[in-house]
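> 3D, please:
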Amino acid sequence: MKELILGRNQEKIALEKIFSSRKSEFVVVCGRRRIGKTFLVREFFDESIVFQTAGLANGDLQLQITNFYKEMLEAGLRNIPHEKPCDWTDVFFLLRSLVSASRQKRKVIFLDELPWMDTPKSNFIPALEHFWNAWASAQKDVVLVVCGSATSWMMNKLINDHGGLHNRLTCQIFLQQFTLGETRQFLENKGFKASLYDISTLYMCMGGVPFYLDKLDSSKSLVQNIDDLFFKKQGELHNEFKNLYSALFKNSDDYITVVKALNEKRYGMTREEVIVKTGLKSGKGLSTVLENLESCGFIRSYPVFKGTRGNTLLYQLVDFYSLFYFNFIEQESVSSWQQVQGKPVFYAWAGLTFENLVMLHEQKIKEKLGISGIESRNYVWRAVDKGNKGAQIDLVIDRADNTVNICEMKFSIAQFSINESYEMNLRNKIQRFMEENPKKSMQLTFVTTYGLSSGKYNGIVNNQIVLNDLFG
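Residues are numbered from 1 along each chain as shown. You can find the predicted model right below:
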C-alpha cells in the first residue's frame, strides 16, 4: 500500500529503516491537526499492524480502557485466556499477550491519538513506560508507533520526557505539510487541471494540508471551493481556526494570543516584543509555546543580521491558513474569496505571502541555481541606519564558497517589469549590503511567478527563478 502515499519521501525512508531493523523500535509521529499522520502510518505498515486503536476525545478513564479492550478482543485477544482489565497496567499486560501470540515477522502496534488516553490520574504514562521498558524493548520484532495531534502533550510527555521514557524513543517524525510539487500531484489525482499560478494561490490560502486539499471538489473552480469551504457559514472548514489550535495545544488561548500578535507584524517579532504585545510572562511557559508552534510549522525563528551590530532572533507567523484567516475570513468586510480577486487587498496579501512560499521551498531554489551541494545558511538582512529606508533583503543565501545570493521575491499575474526607480532601489540595497560584507561575491537572484519581462534594467539580475522551479 506504500504506493498510495503521495510524497513523504523522507518519512518513508525513515519508516523503512525502522521496519527493516533487527531490534524493537519506538516511533513517535507528531504534526498539526489534519496533516496526515494516521494515513501515513496505516498505509505504510498496512498488514504488518498487529494491533491498532485510537484514544477517544473527551472520554474518561473507564471509557478509554473499555475501548482499548474491545479493540484487543477484535484483534484476537478473545482466543487468549484473560481477565477483563481494571487499569492501564492490566491493559498493557494483555497487549503484551496479544502481540506475543502474533506470527508476524515484524509486529507493529499503532496507538493513535495517544494524548486522549492519558486522562487525569489514570497512570497511563507509567503503564506505557513499563510496557516498553520491561518487555517491548527487550524483543527483537516489536514496532510501537504512537501518534497525537496534541503537540504540547507529545512534546512534554514523550519527546522531552525526563522520566522512564527518557532517551527511549528510537525515531521521531514531525510531519509537515505537502510541498508545492506534492500538492500539484495530489490535485491531479483528484482530477484538477489547474495552472501553477492557481495552485500557488490556493497553497497561499490553506498550505499543503492534505485534509483541506481532500475537501476540494474538482467540478468547481478553486475560488468556488475556497468560498464553499471557508466563507460559507455551513462550510466544512468555516470554523477550522477555532478547532485547530485547541486540538493541538493545551492552554490554546496562549498560542492563539501569540499568533495573533505575530500576524500584526508580518516580518516577525523578537521574544521581548512578543512579551510586550501579548502580556504573557517570560519564562519556560512562553518558551514552550514558541517551541511547539515552531515544531508544528506555524511559526519560524530566523536571524536578522544588522551589519557590524550582530544579529537578533525574530519569530514570524508563516502558517498559510492562519495568515489567510486573519487577513480575510476573520474580516467582516470580506464575505467571499471571489470578492477580493483582482483587488489591491488581494495583491498586497499575495505579495507578502509569496515570500513565505518561496522561503518554504528554498531547497528548490538551491537546486535550480546548482548550489544544493554547497553548504549554506539563510538569513534576513537589514540596513543599520535609518537613512537607508527600504534597505532590506528578506532572503540571503550565504554560501561556503564565499558567495551570497541576494533573493528578491515578487508575486505578479504576468511577467514582472523592472523600471528605473526600482532598479535604483535594488542598487541601493546591493551597495549597502556589499559595504557591510566586502569580502563576499554577490549574485542578485529574482524569484517571480512568470519571470522578468524584457527591459533595459534587467542587467542587474544574475539569476531568475520562476514558479515552475519551485514545483520541481
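> can you pull out the strands in this protein?
Secondary structure of the chain by DSSP state E: the strands cover 25-30, 49-54, 107-112, 142-148, 171-174, 299-305, 311-317, 376-382, 392-399, 403-410, 441-448, 463-465.
> Need the contact partners of the second one.
Meaning strand 49-54. Contact partners of strand 49-54, identified using Cβ atoms under 8 Å, 6 or more residues apart in numbering, comprise 38, 42, 67-68, 71-72, 75, 95, 98-99, 102, 104, 107-113, 116. All C-beta atoms are positioned from the backbone trio N, CA, C, and that covers glycine.
> Likewise for the fifth one?
With contact meaning Cβ under 8 Å, 6+ apart, strand 171-174 is reached by 11, 14-15, 18, 25-31, 159, 295-296.
> what about the nearest residue to Leu352 once chain neighbours are set aside, neighbour count?
Leaving aside its chain neighbours, Leu352 sits nearest to Arg266 (5.6 Å; criterion: Cβ to Cβ, 6 or more residues apart in numbering). Arg266: 16 surrounding residues under other Cβ atoms under 10 Å.
> Tell me how far Arg266 lies from Leu323.
Applying Cβ to Cβ, to the nearest Å, the value for Arg266 to Leu323 is 8 Å.
> Mind listing the shared neighbours of these two?
Counting by Cβ under 8 Å, 6+ apart, the shared contacts of Arg266 and Leu323 are Leu317.
> Ile13: what's it in contact with?
With Cβ under 8 Å, 6+ apart, Ile13 has no contacts at all.
> same question, the one 5 residues further on
For Ile18, the contacting residues are 25, 27, 143, 170-171, by Cβ under 8 Å, 6+ apart.
> if we can go back for a sec, I'd like to know which of the contacts of strand 171-174 are buried.
11, 14-15, 18, 25-31, 295-296 (16 or more other Cβ atoms under 10 Å).
> Can you name the two of these that sit furthest apart?
Greatest spatial distance in these: Glu25 and Cys296, 23.7 Å, computed using Cβ to Cβ.
> Most widely separated two among the contacts of strand 171-174?
Farthest apart among the contacts of strand 171-174 by Cβ to Cβ are Glu25 and Cys296. That separation is 23.7 Å.
> Kindly reformat the contacts of Ile18 as CSV and extend each row with distance to Asn79 and pLDDT.
Formatted as CSV, the contacts of Ile18 follow (distance: Cβ to Cβ, whole Å; pLDDT from 0 to 100):
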residue, distance to Asn79, pLDDT
Glu25, 27, 96
Val27, 28, 96
Val143, 23, 97
Thr170, 30, 92
Cys171, 32, 93
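> now the strands of the chain in a markdown table, with distance to Gln185?
As requested, those are exported to a markdown table (distance: least, Cβ to Cβ, whole Å):
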| stretch | distance to Gln185 |
| --- | --- |
| strand 25-30 | 22 |
| strand 49-54 | 26 |
| strand 107-112 | 25 |
| strand 142-148 | 24 |
| strand 171-174 | 21 |
| strand 299-305 | 25 |
| strand 311-317 | 27 |
| strand 376-382 | 26 |
| strand 392-399 | 26 |
| strand 403-410 | 24 |
| strand 441-448 | 22 |
| strand 463-465 | 21 |
